[in-house]
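Asks: For reference, the sequence and a predicted model appear below.
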Amino acid sequence: NAGVTQTPKFQVLKTGQSMTLQCAQDMNHEYMSWYRQDPGMGLRLIHYSVGAGITDQGEVPNGYNVSRSTTEDFPLRLLSAAPSQTSVYFCASSRPAAGYTFGSGTRLTVV
Amino acid sequence: DAKTTQPTSMDCAEGRAANLPCNHSTISGNEYVYWYRQIHSQGPQYIIHGLKNNETNEMASLIITEDRKSSTLILPHATLRDTAVYYCIVPSGTASKLTFGTGTRLQVTL
């Protein structure tokens, strides 16, 4: 039981490049979410999903796309990376009305 | 989500109980109170949640007032490893999404 697995752990992108942050969970959780945390700041919700095929926007969705084709996976796509997207990205999963399990994060730097 | 108010920071001596308060005066009758913590730059960690009865698990106890307008997270014997930012969250519905505030920075000292 690996919990929530995020890959890669570190990434450096050039401005304008695109990439996908991967998130997988093996707990059969319905809910999954993506957060970003800028240095010295709190976590902000980017997108979330309540089940396969269902996604919704959070507080800061611009510049990011998500899809949820399976229960296990919830990838986050950066369409055209910008320096303002330099952050630590956390993925999380949960059953309804239970506590979220968070991944260890992806540290992204956009130069 | 119901608005929550927490102190910005607190100190606690190692071995003592840490009592972290949270006000959530606009909480609705069916909304749960959740507590998470984030140690340094790690991913947040779920601690405990409750509706109206007091709850206890291996990590902490949660005391919710009878009117449910406030709660207290209790770490019974704080250690240096409990130094973290603690978040009190009251999400809507089935907690499909969480809104993190600024939390309480707990510093446990020798």
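Replies: On my side now, so go ahead. From a predicted model like this one, the values you see are computed outputs, not experimental measurements.
Asks: List the buried residues for stretch A:7-14?
Replies: Of the residues in stretch A:7-14, those buried by neighbour count under the rule 16 or more other Cβ atoms under 10 Å in any protein chain shown are A:Gln11, A:Leu13. Yep, even glycine has a C-beta here, placed from its N, CA and C like the rest.
Asks: residue contacts, the most centrally placed residue in chain A?
Replies: Centroid-nearest residue in chain A: A:Trp34, 3.3 Å away (criterion: Cα atoms, centre = their mean). By Cβ atoms under 8 Å, 6 or more residues apart in numbering or on different chains, the contact set of A:Trp34 is A:21, A:23, A:45-48, A:58, A:64, A:66, A:74, A:76, A:89-92.
Asks: Only the buried subset of these, as a PyMOL command please.
Replies: The following PyMOL line selects those of these that are buried, judged by 16+ other Cβ under 10 Å:
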select buried, chain A and resi 21+23+45+46+47+48+58+64+66+74+76+89+90+91+92
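Asks: check the contacts of A:Trp34 against chain B, which are close?
Replies: Restricting these to those near chain B by Cβ under 8 Å from any Cβ of the partner chain leaves A:Leu45, A:Tyr48, A:Gly58, A:Phe90, A:Ala92.
Asks: could those residues be laid out in JSON lines, adding pLDDT and secondary structure?
Replies: Listed next are the ones next to chain B among the contacts of A:Trp34 as JSON lines, based on pLDDT from 0 to 100; DSSP: H, G, I helix; E, B strand; the rest coil:
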{"residue": "A:Leu45", "pLDDT": "96", "secondary structure": "strand"}
{"residue": "A:Tyr48", "pLDDT": "96", "secondary structure": "strand"}
{"residue": "A:Gly58", "pLDDT": "94", "secondary structure": "coil"}
{"residue": "A:Phe90", "pLDDT": "98", "secondary structure": "strand"}
{"residue": "A:Ala92", "pLDDT": "97", "secondary structure": "strand"}
